[in-house]
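In: Below are the sequence and a predicted model; questions follow.
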Amino acid sequence: MPAALPSVQHVAVRGMHCAACVGRVGALLQRVPGVTAAEVNLASGQARVEGAVTLDALDAALAGSGFALGLRTTRI
């Protein structure tokens, strides 16, 4: 089983094109068990996710909606 991520994770999100996409990605990430906060930025193409959650769980939450994780960076 994959280990949970640190408390703050910055992930690139592919497939966002507008403000509606930002809202959709934010809502999808917020629904993932273990996520305590999610902020999405269209200009940077990144999401800041707080909580104990795996990358696989985040990617799975986005997969069916036309979005996907890109490169990932972690800040502890």
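Out: Okay, I see it.

In: what does whichever strand or helix holds Asp56 contact?
Out: Element membership of Asp56, judged by DSSP states H and E, is helix 55-63. Outside helix 55-63, the residues that touch it by CB atoms under 8 Å, 6 or more residues apart in numbering are 2, 5, 9, 11, 13, 15, 25, 28-29, 31-35, 49, 68-69, 72. C-beta coordinates here come from the backbone N, C-alpha and C atoms, glycine included.

In: residues of stretch 41-53 that come out buried?
Out: Within stretch 41-53, the residues that count as buried by 16 or more other CB atoms under 10 Å are 46-51, 53.

In: picking up where we left off before, which of the contacts of helix 55-63 count as buried?
Out: 5, 9, 11, 13, 25, 28-29, 32, 35, 49, 69.

In: quick one: the strands in this structure?
Out: In the chain, the strands defined using DSSP state E lie at 8-14, 35-41, 46-51, 68-75.

In: Ranked by average pLDDT, which of these falls at the bottom?
Out: When mean pLDDT is averaged over each of the strands of the chain, strand 68-75 scores lowest at a mean of 69.

In: contacting residues for the residue nearest to Ala68 when sequence neighbours are not counted?
Out: Leaving aside its sequence neighbours, Ala68 sits nearest to Arg14 (CB to CB, 6 or more residues apart in numbering; 4.8 Å). By CB under 8 Å, 6+ apart, the residues touching Arg14 are 45, 67-70.
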